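Peer 1: Whatever this is, show me its structure:
(one chain, ligands or ions: 1)
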Amino acid sequence: MLYAMDEEIHAGDFDAWLRGMIASLRGDEGTEVPCGSCVGCCVSSYHIPLRPEDRAALARIPASALVDAPGLPAGHAMMGYGPDGHCPMFDGTGCTIYPHRPQTCRDYDCRIFAAAGIMAGGPEKRVINERVEAWRFRYADADACRRHAAIRATAAFIRDRWQAFPGLCAPTAPTGIAVLALKSHQVFLDPAHEELADEERARAILQANRDFGRPVADDLPGGAGGPQSSPCETSPSASLGSNQVDLGGIT
Ligand code: SF4
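Peer 2: Numbering: from 1, shown residues only. The predicted structure follows:
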């Protein structure tokens, strides 16, 4: 259950975080994640995608730790993890290539799960799940609370009503669910959604995802803009395994 732990960690202002995350998903800028001493994503059985642009990381990661990234052009690679779920670059206390870590590691922000009201995964994600439970956003006003509630409602719909999506194309991995909920939560901000059948809501979510690049989120301070795509039409994210990290690749 969310928010059941005693420990609380400030996640920052919700709207400021949402603006930054949307910009990050559009590839406009990275997010600043207050990881502190947490190394959850380094010990949680994640496959880490590496892009050709990750030259500094690729130069330091042993070839034995890398495999070709399935379905992606040459130059893309994937780093696995050990039997203990630890990244090969993790030495027990921290990242041994931290200044040169892959962009995926820089982009990973587990507050997206807190925003969506879902866990990062099963027991292998225990460390991250504890962090997700501890995050606490601040809200500037009632509209910010409404936006957060809409994201959580959208994520719950995608997770629980996946059969309503045409071709059963809804993402099933937590990362895919959370990202799609962020990108399409305007559907649940509109009171008219209550009149829609599940199949119509699912189509509206997919359309909102396609419209993600247009300034449709005018109710969000800071506006909107970015690439267009659908998890059904173009993105491998819809089938991302629960152990693959790629917040930036889900567009
Ligand atoms: S490369 Fe470094 S930051 Fe990225 S998962 Fe591995 S240990 Fe963590």
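Peer 1: centre of the chain versus stretch 47-64, how much separation?
Peer 2: Distance of stretch 47-64 from the chain centroid (CA atoms, centre = their mean, to the nearest Å) equals 21 Å.
Peer 1: gap between D160 and I118?
Peer 2: Here D160 is placed at a distance of 11 Å from I118 (CB to CB, to the nearest Å). Bear in mind the C-beta positions are built from the backbone N, C-alpha and C, glycine included.
Peer 1: what about the strands in the chain?
Peer 2: Read by DSSP state E, the chain holds these strands, from start to end of the chain: 9-13, 48-50, 66-68, 77-79, 135-138.
Peer 1: contact partners of the last one?
Peer 2: Pointing back at strand 135-138 there. Under the contact criterion CB atoms under 8 Å, 6 or more residues apart in numbering, strand 135-138 has outside partners 3, 8-14, 17, 110-111, 114-115, 148.
Peer 1: Out of those, the closest to R131 would be?
Peer 2: Using CB to CB, C110 comes nearest to R131 of the contacts of strand 135-138, at 5.5 Å.
Peer 1: The closest one reaches K125, doesn't it?
Peer 2: No: because the distance of 9.2 Å does not satisfy CB atoms under 8 Å, C110 is recorded as not touching K125.
Peer 1: follow-up on the earlier one: separate out the buried members of the contacts of strand 135-138.
Peer 2: For these, a neighbour count by 16 or more other CB atoms under 10 Å gives the buried set as 9, 11, 14, 17, 110-111, 114-115, 148.
Peer 1: any chance of the residues you listed in JSON lines, plus pLDDT?
Peer 2: Written out in JSON lines, the entries for the buried ones among the contacts of strand 135-138 read as follows (pLDDT from 0 to 100):
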{"residue": "I9", "pLDDT": "94"}
{"residue": "A11", "pLDDT": "96"}
{"residue": "F14", "pLDDT": "98"}
{"residue": "W17", "pLDDT": "96"}
{"residue": "C110", "pLDDT": "96"}
{"residue": "R111", "pLDDT": "97"}
{"residue": "A114", "pLDDT": "98"}
{"residue": "A115", "pLDDT": "98"}
{"residue": "H148", "pLDDT": "98"}
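Peer 1: ok, and of the residues you listed, which contact the ligand?
Peer 2: Checked against the ligand using CB under 6 Å from any ligand atom, the buried ones among the contacts of strand 135-138 give no members in range.
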